[in-house]
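Engineer: Return a 3D structure for these sequence lines:
(2 chains)
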Amino acid sequence: GAGVSQSPSNKVTEKGKDVELRCDPISGHTALYWYRQSLGQGLEFLIYFQGNSAPDKSGLPSDRFSAERTGGSVSTLTIQRTQQEDSAVYLCASSLAPHSGGEKLFFGSGTQLSVL
Amino acid sequence: QKEVEQDPGPLSVPEGAIVSLNCTYSNSAFQYFMWYRQYSRKGPELLMYTYSSGNKEDGRFTAQVDKSSKYISLFIRDSQPSDSATYLCAMTLTGGGNKLTFGTGTQLKVEL
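Structural biologist: Numbers count the residues shown, from 1 in each chain, chains lettered A, B, ... in the order given. Okay, the predicted model is just below:
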């Protein structure tokens, strides 16, 4: 596709349920990132995939959060036993490849998650 | 204290005004500095990118980095209503693999 695609665009769930958020990066982009954007908090790094390397999970806030990237393309972010503080916009981004830093990130429009 | 501080605004200016947006940061190891623009219900898009200190100009936009003061700025000349958006500063370390640290964003409204 022309850009980074995320689905669903909105997700409302009940506390304690599991949710899966999907990201389709730009074709050919080897690097994929998940960020979380909470009101008044800015974007918070969650996880980073680069090619076949082990992902950098250092930003995941708890073990309820996990992500995978299949075939070097589509990624799924899973939140288990959702809590109200998980409510936020979850943004996915991709880039051609990270070099020393500053590679241009292309963001999707995000998934607005609301936990009731 | 956050690593990157940014005034959330909102900032309201008349059309044609010069806008100044700023961020301060605490980590002197940051080397790459970026400004992203985010429209409502959209993902951020990269506006400007600067490595280390100095100025960079692109059309109506100028980015400045002062590493000695740990202070970065974005200037918008001849502001237009279409510039109304949230502006996020972001920065990363050399070798940081694009693990960006973002400011909270400044909401800008340009009025007719």
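Engineer: For the rest of this, base every contact and every neighbour count on C-alpha atoms.
Structural biologist: OK.
Engineer: tally of neighbours for the residue nearest to B:Ala85 when sequence neighbours are not counted?
Structural biologist: Spatially, and ignoring its direct neighbours in sequence, B:Ala85 is nearest to B:Tyr39 (4.9 Å; CA to CA, 6 or more residues apart in numbering or on different chains). By other CA atoms under 10 Å in any protein chain shown, the residues close to B:Tyr39 number 16.
Engineer: so B:Tyr39 makes contact with B:Leu88?
Structural biologist: No - in this structure, B:Tyr39 is not within contact of B:Leu88 by CA atoms under 8 Å, at 10.9 Å.
Engineer: Tell me which residue in chain A sits closest to chain B.
Structural biologist: Proximity of chain A to chain B (CA to the nearest CA) peaks at A:Gly42, 3.7 Å away.
Engineer: Show me the beta-bridge partners of that residue.
Structural biologist: A:Ser38 (DSSP bridges).
Engineer: what residues are up against it?
Structural biologist: Residues in contact with A:Gly42, defined by CA atoms under 8 Å, 6 or more residues apart in numbering or on different chains, are B:Phe102, B:Gly103, B:Thr104, B:Gly105.
Engineer: With only the CA atoms kept, save the lowest-mean-pLDDT helix or strand in chain A in CSV.
Structural biologist: In chain A, no helix or strand scores lower on mean pLDDT, DSSP states H and E than strand A:42-50, which sits at a mean of 91. What follows is strand A:42-50, C-alpha atoms only, in CSV (Å, rounded to 0.1, in the frame of the first residue of the first chain):
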residue,chain,number,x,y,z
GLY,A,42,3.5,12.5,24.1
LEU,A,43,4.6,9.5,22.1
GLU,A,44,6.1,6.7,24.2
PHE,A,45,8.3,4.0,22.5
LEU,A,46,7.0,0.5,23.0
ILE,A,47,8.9,-2.0,20.7
TYR,A,48,11.1,-2.0,17.6
PHE,A,49,11.7,-4.7,15.0
GLN,A,50,14.5,-4.6,12.5
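Engineer: Now find how far off-centre the following helix or strand past it is within its chain.
Structural biologist: The C-terminal neighbour of strand A:42-50 among helices and strands, as given by DSSP states H and E, is strand A:65-69. Distance of strand A:65-69 from its chain centroid, counting by CA atoms, centre = their mean, to the nearest Å, is 8 Å.
Engineer: Residues contacting strand A:65-69, please?
Structural biologist: A:Ile47, A:Phe49, A:Leu60, A:Ser75, A:Thr76, A:Leu77, A:Thr78, A:Ile79, A:Gln80.
Engineer: for chain A, what are the nearby residues on chain B?
Structural biologist: Taking CA under 8 Å from any CA of the partner chain as the contact definition, chain B meets chain A at B:8, B:32-34, B:41-46, B:49, B:51, B:92-105.
Engineer: circling back: let's see which of the contacts of A:Gly42 end up in helices.
Structural biologist: Among these, DSSP state H puts none in helices.
Engineer: re the thing from before, buried only: go through the residues of chain B next to chain A for me.
Structural biologist: B:8, B:32-34, B:43-46, B:49, B:51, B:92-94, B:96-105 (16 or more other CA atoms under 10 Å in any protein chain shown).
Engineer: How many neighbouring residues does the closest residue to A:Lys17 other than its chain neighbours have?
Structural biologist: Nearest non-adjacent residue to A:Lys17, counting by CA to CA, 6+ apart: A:Arg81, 4.9 Å away. By the measure other CA under 10 Å, the count of residues near A:Arg81 is 14.
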